[in-house]
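>>> Would you be able to build a 3D model of this:
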Amino acid sequence: MRWLITNRTIQENGQFGGDMGTLSYCVLRDGGTSTSAADWLPVGSDDFRKKLVEVVQNTFPPVVKDGIPTPPDEQKHVCLFVHGYNNPWSDVMTRYEKVATTLFDGPDGLGQCITFDWPSKGNLLLPLRSFRGAQDPH
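Sure thing, here's the model as predicted:
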C-alpha cells in the first residue's frame with residue numbers, strides 16, 4: 001500500500017501545488033499510480049492511522065509469538081520517507097515509488113513506507129516552517 005502525508009496545497013483540479021497548504025493525508029487507490037495525483041485519495045488523519053494499523057496487524061509478523069521474539073531479520077517496519085528541498089511533486093513521487101518498490105514491497109520487504117511531501121520552492125528556510133505544521137497530529 002502507498003501512503004502520503006503532505007502540506008502542499010491541493011488545487012481544485014486535484015493536483016498538488018507548490019505552495020504551503022494544510023496537512024493532508026492520502027492513500028493510493030487500488031490499481032493507482034503514485035505519480036498520478038488523481039489516484040491519491042484524501043482521508044482524515046484518524047482513517048489514515050486506522051488503515052495503517054490494519055495493514056500492519058494483517059501483514060507484519062507478531063513482535064513476540066509464544067514468548068519468542070521475532071528475529072530481527074524477519075521484523076517489519078513503518079518508515080517515513082522525507083525528500084530534500086526544491087523537489088517538484090512528480091520527482092518526489094517517482095523517487096518514493098522507487099524506494100517503496102525496491103525496499104518495502106514483497107514478502108521480504110521491510111514493511112510500509114509513508115512519504116511526507118512538502119513545498120520548499122527552493123527556499124532553505126521554508127522547510128523549518130513546513131515541518132512545524134507536520135508536528136500537529138490532526
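>>> Tell me the confidence at residue 59?
As predicted, residue 59 sits at a pLDDT of 94.
>>> how close does residue 58 sit to residue 38?
Distance, residue 58 to residue 38, by CB to CB, to the nearest Å: 27 Å. Quick note: C-beta positions are derived from backbone N, CA and C, even for glycine.
>>> between these two, which one's more packed in?
Using other CB atoms under 10 Å, the more surrounded residue of residue 58 and residue 38 is residue 38, with 11 against 7.
>>> Next one: the closest residue to that one other than its chain neighbours from residue 88, what distance?
Spatial nearest neighbour of residue 38, excluding adjacent residues (CB to CB, 6 or more residues apart in numbering): residue 14 at 5.4 Å. Residue 14 sits at a distance of 16 Å from residue 88 (criterion: CB to CB).
>>> in its sheet, what does the strand ranked longest in the chain sit against?
The single longest strand within the chain, with elements called by DSSP state E, is strand 16-28. Paired neighbours of strand 16-28 in the sheet (DSSP bridges): strand 3-10 (antiparallel), strand 40-43 (antiparallel).
>>> tell me the most buried of these?
Among those, strand 3-10 has the highest mean neighbour count (mean count of other CB atoms under 10 Å), at a mean of 21.
>>> need the helices for the protein, in chain order.
45-59, 89-99, 126-134 (DSSP state H).
>>> Quick one: closest of these to residue 31.
Checking the helices of the chain against residue 31 by CB to CB gives helix 89-99 as the closest, at 14.2 Å.
>>> List the beta-bridge partners for residue 20.
Beta-bridge partners for residue 20, by DSSP bridges, are residue 8.
>>> My read is that residue 77 contacts residue 111, right?
Yes. Assessed by CB atoms under 8 Å, residue 77 is found in contact with residue 111 at 4.3 Å.
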